[in-house]
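Q: test case, fold it:
(one chain, ligands or ions: 2)
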Amino acid sequence: MTAVNGFTEYRQDRQRPMIVAHRGASALAPENTISSFSRALEIGADAVEFDIHQSSDGRLVVMHDESLERTTNGSGFIKDTDSRKLRGLDAGSWYASRFRGEKIPTLEEAVDFITPAAYAIVEIKHGNDVYPGIEKKIAELMSLRKGCRKRTVFIAFDPEILLNIRELDTELSTGLLTADPPDDYIDVAQEFLVQCFFPKWEKLKPESVSLLHKNGYSVHPWVMDREEDAAKVMSMKPDSVSSNHPDMLKRIVGGG
Ligand code: G3P
Ligand code: CA
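A: Ligands and ions are numbered 1, 2, ... in the order given. Purely as a prediction, here's the structure:
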């Protein structure tokens, strides 16, 4: 296992969990846009999570859904739409009229914007089956961004995507997203060469946090929007906590 950045390392000496802004400060600005990332950084988030897909002409773009309807004024699938058309869409008005004209960011824009101040957590929604060559494109793009890559972690529910990324570049960090806990966290980590885990918070158990920490892996539960849930998760001493309301996390986690 190669721990290559301060986000994926088990945070033994830290007094508090890192704060992750999920899809940016997505309760306060349109999710997965530069405005939501900017708001997250203003609040003081330590990391910003966002999601990526691939356009028909092979550009990596930031959006949660694979289709355009919910968060833009476009329609159809990202995989069937070219980057020029995507660039012309409005990704802000659906949230509030004051965000009209907000663009769909590219992966490059997102990591360049976030990583000078915070860690970027990039969720890869699909692998080669839907987006041909996506892992190779990610590795190439990150090889040109030496500074950014130390502050970026790639995550996915499909561990094969993460293994492909690590086989292309062992210095890229990866974390496995889980909705249900695997039978054996350590076996999975070793098989797919991941440095950390992103479990759904409702399924996380204190003994899993202890086991992972004992073996040097960090733990990043998602996504808590109620204070009482965040407090409950924090009592398990994970390495980060995540919310669409990073302002709420900042209040209860504190600074430092
Ligand atoms: O951080 C993990 C979380 O983002 C996974 O769920 O649907 O919000 O991408 P989703
Ligand atoms: Ca996500």
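Q: what's near enough to touch residue 138?
A: Shown in contact with residue 138 (C-beta atoms under 8 Å, 6 or more residues apart in numbering): 60, 107, 122, 124, 154, 165, 168, 172. For the C-beta atoms, the positions are set from N, CA and C on the backbone; glycine is no exception.
Q: out of those, which are inside helices?
A: When DSSP state H is applied, the contacts of residue 138 are split such that 107, 165, 168 fall in helices.
Q: near ligand 1 too, which of these?
A: When contact is defined as C-beta under 6 Å from any ligand atom, the ones in helices among the contacts of residue 138 do not meet ligand 1 at all.
Q: so which of those is the most crowded?
A: residue 165 (26 neighbours; other C-beta atoms under 10 Å).
Q: tell me the contacts of that residue?
A: By C-beta under 8 Å, 6+ apart, the neighbours of residue 165 are 124, 135, 138-139, 154, 172, 174.
Q: just the buried members of these?
A: 124, 135, 138-139, 154, 172, 174 (16 or more other C-beta atoms under 10 Å).
Q: so which of the ones in helices among the contacts of residue 138 is the closest to ligand 2?
A: residue 107 (13.7 Å; C-beta to the ion).
Q: list the contacts of the residue lying closest to the closest one once chain neighbours are set aside.
A: Excluding the flanking residues, the one nearest residue 107 by C-beta to C-beta, 6 or more residues apart in numbering is residue 60, at 3.9 Å. Going by C-beta under 8 Å, 6+ apart, residue 60 touches 52-54, 106-108, 134, 137-138, 141.
Q: out of these, which comes closest to ligand 1?
A: residue 52 (10.6 Å; C-beta to the nearest ligand atom).
Q: need the residues of the stretch 101-250 of the chain near ligand 1, please.
A: 123, 177, 198, 222-223, 242.
Q: about what we covered before: what residues are bridge-paired with the residue nearest to residue 107?
A: residue 54 (DSSP bridges).
Q: so how far is ligand 1 from it?
A: 16 Å (C-beta to the nearest ligand atom, to the nearest Å).
Q: distance of that residue from ligand 2?
A: Per C-beta to the ion, to the nearest Å, residue 60 is found 15 Å from ligand 2.
Q: state the pLDDT value of that residue.
A: Turning to residue 60, the model gives it a pLDDT of 98.
Q: the bottom helix or strand of the protein by mean pLDDT?
A: helix 146-149 (a mean of 90; mean pLDDT, DSSP states H and E).
Q: packing partners for it?
A: Using 3 or more C-beta pairs under 8 Å, 6 or more residues apart in numbering; DSSP states H and E, the elements in contact with helix 146-149 are helix 134-143.
Q: residues contacting the closest residue to ligand 1 within the stretch 1-150 of the chain?
A: Distances between the stretch 1-150 of the chain and ligand 1 by C-beta to the nearest ligand atom are smallest at residue 49, namely 4.9 Å. By C-beta under 8 Å, 6+ apart, the contact set of residue 49 is 20-23, 121-123, 155, 222, 242.
Q: which one (most neighbours) among those residues?
A: residue 21 leads the contacts of residue 49 on contacts (other C-beta under 10 Å) with 33 neighbours.
Q: dig out what it forms beta bridges with.
A: residue 48, residue 243.
Q: residues contacting it?
A: 36-37, 39-40, 43, 45, 47-49, 242-244, 246.
Q: over to residue 203?
A: Counting by C-beta under 8 Å, 6+ apart, residue 203 has contacts 178-181.
Q: that one and residue 219, how far apart?
A: Distance from residue 203 to residue 219, counting by C-beta to C-beta, to the nearest Å: 12 Å.
Q: same thing with residue 85?
A: 40 Å.
Q: more neighbours, these two?
A: residue 219 (26 against 15).
Q: where does the residue nearest to that one when sequence neighbours are not counted land in three-state SS?
A: Spatial nearest neighbour of residue 219, chain neighbours left out: residue 238 (4.6 Å); criterion: C-beta to C-beta, 6+ apart. Recorded secondary structure, residue 238: coil (DSSP: H, G, I helix; E, B strand; the rest coil).
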